[in-house]
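[1] predicted model follows, preceded by the sequence.
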Amino acid sequence: MAASWSMGPGTLEVPMSLFAKNRTRLVEKLKPGQVVVLQGGESIPHYDTDIEYVFRQEAYFTWLCGVREEGCFFALDVGTSKSYLFIPRLPKEYEVWMGKLHTCEDFKRMYAVDEVHYVDEIQTILKGLNPDVLLTLSGPNTDSGLTAKEAVFEGIDEFKVDNEILFPVIAELRVIKTPEEIEVMRYVVKVSSDAHKQVMLFAKPGLMEYQCESIFLDHCYRVGGCRHVSYTCICGSGHNAATLHYGHAGAPNSKLIQPGDMCLFDMGGNYAGYAADITCSFPANGKFTPDQKLIYEAVLFARDAVIEAARPGVMWPDMHLVANRAMLEHLKKGGLLKGDVEEMIKLLNAAKNNPEQSKFFNWEVVDRFSGFGGVRIEDDVLITETGVENFTFVPRTVAEIEDFMANGANFK
Ligand code: MN
């Protein structure tokens, strides 16, 4: 039977051939004589205790081999396309804490790789491959500014190592999803969409924000087998909805939801290392006020305009402009802004504190929205040859949201 991984009945079976295909795509971009070496994640203890954070594998490592265990290395010989997994050699007595330890043969079967050895054998095995150069991973995450952790093992200084070639190649390959990866994306976005719907049915004034977070986590894990969410849940209500990454340790989704609040919930499950990232915004009591409808529909209008325009070949900054133009037009129609939209865009692109901008705002109307919070609509979509396929399936229009929150089961 072909090796695969799932979290049991009802959850998606991820074939290990998904990762083998990623390796094939990588080999096609590299040269014989090069050997790729990646170091997987290490477990991180809570300070000086013997308790560890729930382990999450490093993303590039996952992409290359799908191995979930900590403390591993992985090598790919470009010349032969052969794959080598290196696992920690753990003392037999660890079985008291960890249960039966997997053997090299077990790992080979589980992950469908060519060879499995212990980490302490890595130098010898790689020497045997006689590589011209080892390619290690080093490069920036453009969101965080942090750098991928480069593989280091005892004896690596006896090899020629290049840490510049690999990162941009894999980073680019990860942007384009294979059909196998698309299936996992579709699954995790479906699970996360359903979890958002459960939250919408549950949310109401009088609950704490974190209770909504809890419903999301429960659905993703209990129903979808997602042990992780992709990021800390952002469950802002009222003015908290204006804080981009609300939900952090100092503000742990800990406000009481008030009558009249808008909720902005940005949450996504994670399955086999593949992430969903979805935001739903809705009134806590299930019914939009005219002001809430105005702001919400401006954002929805922008979302629709981008989905309409996005296709292969368009520029990312242009999608930003499409969204801005759509929102400005809508807010002008709603009486919040006045004047020419094209002129507003030019001005918005210029110096932020330009007092000239002021003339576009109807300040009496704008002041009414102070403390409103914010609206965000976030979908996970696939760019196809013909445009966009939206994987996100949640109530989106004002009518859909109101109907769903009143009569739940009707939204299919
Ligand atoms: Mn998000």
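    Done, it's in.
[2] thought residue 257 was touching residue 210?
    No - using Cβ atoms under 8 Å, residue 257 is not in contact with residue 210, being 10.4 Å away. All C-beta spots, glycine's among them, are computed from the backbone N, C-alpha and C.
[3] quick one, helices of the chain?
    Remark: helices assigned in the chain by DSSP state H are 17-29, 59-65, 95-98, 104-111, 122-129, 166-175, 179-202, 209-218, 290-309, 316-333, 341-349, 363-367, 398-407.
[4] could I get those helices in JSON lines, plus columns for mean pLDDT, distance to the ion and mean neighbour count?
    Below are the helices of the chain laid out as JSON lines (pLDDT from 0 to 100; distance: least, Cβ to the ion, whole Å; neighbours: other Cβ atoms under 10 Å):
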{"stretch": "helix 17-29", "mean pLDDT": "98", "distance to the ion": "24", "mean neighbour count": "18"}
{"stretch": "helix 59-65", "mean pLDDT": "98", "distance to the ion": "17", "mean neighbour count": "21"}
{"stretch": "helix 95-98", "mean pLDDT": "90", "distance to the ion": "35", "mean neighbour count": "9"}
{"stretch": "helix 104-111", "mean pLDDT": "97", "distance to the ion": "31", "mean neighbour count": "16"}
{"stretch": "helix 122-129", "mean pLDDT": "98", "distance to the ion": "38", "mean neighbour count": "15"}
{"stretch": "helix 166-175", "mean pLDDT": "97", "distance to the ion": "18", "mean neighbour count": "16"}
{"stretch": "helix 179-202", "mean pLDDT": "98", "distance to the ion": "11", "mean neighbour count": "20"}
{"stretch": "helix 209-218", "mean pLDDT": "98", "distance to the ion": "13", "mean neighbour count": "20"}
{"stretch": "helix 290-309", "mean pLDDT": "97", "distance to the ion": "13", "mean neighbour count": "18"}
{"stretch": "helix 316-333", "mean pLDDT": "95", "distance to the ion": "15", "mean neighbour count": "17"}
{"stretch": "helix 341-349", "mean pLDDT": "78", "distance to the ion": "23", "mean neighbour count": "14"}
{"stretch": "helix 363-367", "mean pLDDT": "80", "distance to the ion": "26", "mean neighbour count": "11"}
{"stretch": "helix 398-407", "mean pLDDT": "96", "distance to the ion": "18", "mean neighbour count": "16"}
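[5] out of those, which comes closest to residue 376?
    Residue 376 lies closest to helix 290-309 among the helices of the chain, at 7.0 Å (Cβ to Cβ).
[6] by contact count, what packs against that closest one?
    strand 278-283, helix 316-333, strand 387-390, helix 398-407 (3 or more Cβ pairs under 8 Å, 6 or more residues apart in numbering; DSSP states H and E).
[7] for the ones you listed, which one sits closest to residue 33?
    Among the helices and strands packed on helix 290-309, helix 316-333 comes nearest to residue 33, with 35.9 Å by Cβ to Cβ.
[8] who are the packing partners of the closest one?
    Here helix 316-333 touches helix 290-309, helix 341-349, going by 3+ Cβ pairs under 8 Å, 6+ apart.
[9] could the C-alpha coordinates of the longest one be exported in CSV?
    Read it as helix 290-309. C-alpha atoms of helix 290-309 as CSV (Å, rounded to 0.1, in the frame of the first residue of the first chain):
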residue,chain,number,x,y,z
PRO,A,290,-27.0,50.7,8.0
ASP,A,291,-23.5,52.0,9.0
GLN,A,292,-22.1,48.5,9.5
LYS,A,293,-23.6,47.5,6.1
LEU,A,294,-22.0,50.5,4.4
ILE,A,295,-18.5,49.7,5.7
TYR,A,296,-18.9,45.9,5.2
GLU,A,297,-20.1,46.3,1.7
ALA,A,298,-17.3,48.6,0.8
VAL,A,299,-14.8,45.9,1.8
LEU,A,300,-16.9,43.2,0.0
PHE,A,301,-17.0,45.3,-3.1
ALA,A,302,-13.2,45.5,-3.0
ARG,A,303,-12.9,41.7,-2.5
ASP,A,304,-15.2,41.1,-5.4
ALA,A,305,-13.3,43.5,-7.6
VAL,A,306,-10.0,41.8,-6.8
ILE,A,307,-11.4,38.3,-7.4
GLU,A,308,-12.7,39.6,-10.8
ALA,A,309,-9.4,41.1,-11.8
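[10] hmm, back to that, make CSV from the helices of the chain and add distance to residue 276 to it.
    Shown next, in CSV, are these (distance: least, Cβ to Cβ, whole Å):
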stretch, distance to residue 276
helix 17-29, 17
helix 59-65, 14
helix 95-98, 30
helix 104-111, 24
helix 122-129, 35
helix 166-175, 16
helix 179-202, 4
helix 209-218, 11
helix 290-309, 17
helix 316-333, 20
helix 341-349, 31
helix 363-367, 34
helix 398-407, 19
